[in-house]
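>>> here's my sequence, what's the structure:
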Amino acid sequence: MATFVLVPGFWLGAWAWAEVAEALRAHGHDCHPVTLPGLAERAAEGTPETDLATHVDELVGLLEGNDLRDVVLVGHSGANAPVTGAADRVPERLRRLVYVDTAPMPDGMCVADFWEPEYLRAARERVDAEGDGWRLPPPPFDPAEDPEELAGLTDEQLELLRQRATPQPFRTAAEPLRRPGATPVVPTSLIANTITPDEVQAMIDSGSPAFAVLAGVDLHHLPTGHWPMLSRPKDLTDMLDQIAQG
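As a prediction, the model looks like this:
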């Protein structure tokens, strides 16, 4: 059995993994869903200085402080940067990395580098207007505006997101990840939800340096929206269990 550390994407806390964590434990795994500083029940810990390094340090501290080994470290969405950074620092503690509808973060890039220019401009405006200049408020989670990413979510799940999502410290999105020259080799899987493995392979084949980190990644497909821990928790659990055993 494996030890899972589950890291949610932007605006979310450990609560988002509740069903998956319970089901993984029923499979016999140890499970540690994470809330990063500045989010959910730890929102009060956030400051204008909360950045990507803060979140990387948090994950490294969790792994080392609890002496966790043989870990399957799972990062969803915007958690790709802190998960990648933590894996670079303590690869000896990891069995495998799993990226859920996201991918390893390349050296020198940040989450915001992958946003469309219009979205980035709007995000910066919201940070200034609604987030005290340092926090990015959560989106409205409106299926009419974003049907693809919100696919599979019930009205109740959408309302849960609206009620429990908290602003994201913006520096965690805008600070580039600095990776070592000799990147540690950790077995890596990617669970694609809003795109297909063929589309991921096309990114790899494009030759873009931004997608070179995907080469050799073990690809899986779980078609649903961008929040599979809510829309398809059982299927995501089964896939994580299979990946951990493989």
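
>>> need the contact list for residue 10.
77, 78, 79, 111, 136, 138, 168, 172, 173 (C-beta atoms under 8 Å, 6 or more residues apart in numbering). Yep, even glycine has a C-beta here, placed from its N, CA and C like the rest.

>>> now, which of those sits nearest residue 122?
For the contacts of residue 10, the residue nearest residue 122 by C-beta to C-beta is residue 136; the value is 10.2 Å.

>>> elements contacting the lowest-mean-pLDDT helix or strand in the chain?
Here the helix or strand of the chain ranked lowest by mean pLDDT, DSSP states H and E is helix 197-205, holding a mean of 92. The helices and strands touching helix 197-205, judged by 3 or more C-beta pairs under 8 Å, 6 or more residues apart in numbering; DSSP states H and E, are strand 188-192, strand 218-221.

>>> turn those strands into CSV, including mean neighbour count.
Supplementary listing: the helices and strands packed on helix 197-205 in CSV, determined by neighbours: other C-beta atoms under 10 Å:
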stretch, mean neighbour count
strand 188-192, 21
strand 218-221, 16
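
>>> export those to TSV and tack on mean pLDDT?
Below are the helices and strands packed on helix 197-205 laid out as TSV (pLDDT from 0 to 100):
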stretch	mean pLDDT
strand 188-192	97
strand 218-221	97
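
>>> what is the burial count for residue 145?
10 (other C-beta atoms under 10 Å).

>>> name the element it belongs to?
Using DSSP states H and E, residue 145 maps to neither a helix nor a strand.

>>> if we ignore the residues flanking it in sequence, what's nearest it?
The spatial neighbour of residue 145 that comes closest, neighbours along the chain excluded (C-beta to C-beta, 6 or more residues apart in numbering), is residue 139 at 8.0 Å.

>>> so the one you found touches residue 146, yeah?
Yes. Contact criterion C-beta atoms under 8 Å: residue 139 and residue 146 qualify, at 7.2 Å.

>>> who's more crowded, the two?
Each of residue 139 and residue 146 has its neighbours counted (other C-beta under 10 Å); residue 139 has more, 18 against 14.

>>> list the contacts for residue 239?
191, 220, 222.

>>> Throw the residues you listed into JSON lines and include distance to residue 242, thanks.
Shown next, in JSON lines, are those (distance: C-beta to C-beta, whole Å):
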{"residue": "191", "distance to residue 242": "11"}
{"residue": "220", "distance to residue 242": "9"}
{"residue": "222", "distance to residue 242": "11"}
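
>>> per-residue pLDDT, the residue nearest to residue 145?
On the pLDDT scale, residue 139 is placed at 97.
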